[in-house]
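Novice: Provided below are the primary sequence and the corresponding predicted coordinates.
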Amino acid sequence: MGDRPDGRRHDLDALRVFCFGTLIIYHSSLVYGAKSWWVHASDTTKLIDLITIGSHPWRMSLLFFISGVVTASLLKKRSVAEIRTTRTRQLLLPFVFGVFVVVPPQIYLSPYNFTPDLSYWEFWKTYVVSGIQLEHMWFLAYLWIYVIAWSVAQPQLARRWPGLSASLAARLRGRGLFVAPIAFLSILRLCLYPVFGETLVINSDLYSHTVYFTIFMLGTLLANEQSFWQEIDRQRWMSLCVATLSLAALTAVFLFIPREARPDALVVAIRVVRSAFQWSALLALLAFAGRIANRPNRVIMYLNKSIMTYYIAHQTVIVIAAYYIAQAGLLDIRSFIPLVIFTALVCALIAEMKTRFRHFLTNMTSMIKGLRKPLPSETA
């Protein structure tokens, strides 16, 4: 898991693609799960919720950790101010487009649309005036906030605590790699979560902010600490073992003990086990990706360039497709896999169209600039 010859972390590229791929599967599963969603199948199954149990605890945490690593890695070539400007452009433009263009169809087609008689244009104007919703765009907003906070804190940390990263990496060795982070996540889960929950609303999501910003900052601090990456590689089988046992325990409780029948002691234990699964799965995925996906891969490279497009489009594609499948009377568990495949294909098509359109604009711009250049005879 040493430095790559070209300086790029191909393992993190692969993990990013993997995480967003599981996000498509996760959001598709919500159509068929026990909890209500924007579009909901009439026949649901408890087993489909195992996708949430197996992926939700670690997926967003891993994405924020990777984002922290990538953000800090940019310091090798850019200043903090340049990183802040670049990330603002990369995150806020898609966020604004997503909130105003991509999210509204989800609400319009859902049972939660309280103005179903309005045309889409009239609904959209009401949506903009009465209050926009972030939906899955929350990740972009949170990440931008964390980048801004990091850009303010990083120069202070570098000046006042220059050895902080090395000290942190030294503490995350042996049992320390597991005990302290799991204890920290467990305390947050036991103390903050019951009070605040996970709202995914910027100004009322103290629990999520505390977890995700901490993990993002961990990524920035440990990005260049080779001893940390060597340690998680050394502990990869332990991480996988803890993650597997934790997931087995969570699954057993979910399947065999109804929520209303769980005593308080079991609820506390579940929250601790969930925290163990969250951290150990993150470590295991980082470690095994470092061994398996540490070389350039054409498919990963291609998908990684379009991953933002997949993220922005996927949930709306799922909702629209599920809505029309329901209108045709075919929205049952048998449509789950076709829905996942259809969503991935549509996102791929949108991404390809966006890439071709960008190339077209680039070529047109180059052509126009070429036409504006004076001929040699005119400059003689």
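Specialist: Arrived safely. All values derive from a computational prediction rather than experimental measurement. Numbers count the residues shown, from 1 in each chain.

Novice: Please name the residues that touch the nearest residue to Val211 once chain neighbours are set aside.
Specialist: Distances taken as Cβ to Cβ, 6 or more residues apart in numbering place Leu188 nearest to Val211, at 5.9 Å, with adjacent residues excluded. To be clear about C-beta, it is placed using only N, CA and C from the backbone, and glycine gets the same treatment. Leu188 sits next to Tyr207, Thr210, Val211, Ser275 when contact means Cβ atoms under 8 Å, 6 or more residues apart in numbering.

Novice: Run a quick neighbour tally on Ile307.
Specialist: Applying other Cβ atoms under 10 Å, we find 18 residues neighbouring Ile307.

Novice: any idea how far the closest residue in space to it that isn't next to it in sequence lies from Leu91?
Specialist: Counting by Cβ to Cβ, 6+ apart, the nearest residue to Ile307 once its immediate chain neighbours are dropped is Phe20, at 5.3 Å. Between Phe20 and Leu91 the distance is 15 Å, computed by Cβ to Cβ, to the nearest Å.

Novice: is it true that Glu135 touches Val103?
Specialist: Yes: between Glu135 and Val103 there is a contact under Cβ atoms under 8 Å: 4.7 Å.

Novice: where exactly do the helices run in the stretch 51-200 of the chain?
Specialist: 80-97, 104-108, 120-130, 138-160, 164-171, 179-191, 193-196 (DSSP state H, counting those that start in this stretch).

Novice: what's in contact with the second one?
Specialist: Contact with helix 104-108 is made by Trp38, Asn113, Tyr120, Phe123, Trp124, Tyr127, Gln133, Glu135, Gln315, Thr316, Val319, Ile320, as judged by Cβ under 8 Å, 6+ apart.

Novice: how much space is there between the second one and Trp138?
Specialist: In other words, Asn113. Taken as Cβ to Cβ, the span from Asn113 to Trp138 is 20 Å.

Novice: ditto for the third one
Specialist: As defined by Cβ to Cβ, Tyr120 lies at a distance of 23 Å from Trp138.

Novice: Neighbours of the residue nearest to Thr88 when sequence neighbours are not counted, how many?
Specialist: Among residues not flanking Thr88 along the chain, Trp144 sits closest, at 6.6 Å (Cβ to Cβ, 6+ apart). Using other Cβ under 10 Å, Trp144 has 17 neighbouring residues.

Novice: Just confirm Trp144 contacts Leu92, I think it does.
Specialist: Yes: proximity of Trp144 to Leu92 meets the contact threshold set by Cβ under 8 Å, at 6.0 Å.

Novice: before we move on, the earlier item: out of the contacts of helix 104-108, which are buried?
Specialist: Those of these that meet the buried threshold are Trp38, Asn113, Phe123, Trp124, Tyr127, Glu135, Gln315, Thr316, Val319, Ile320, by 16 or more other Cβ atoms under 10 Å.
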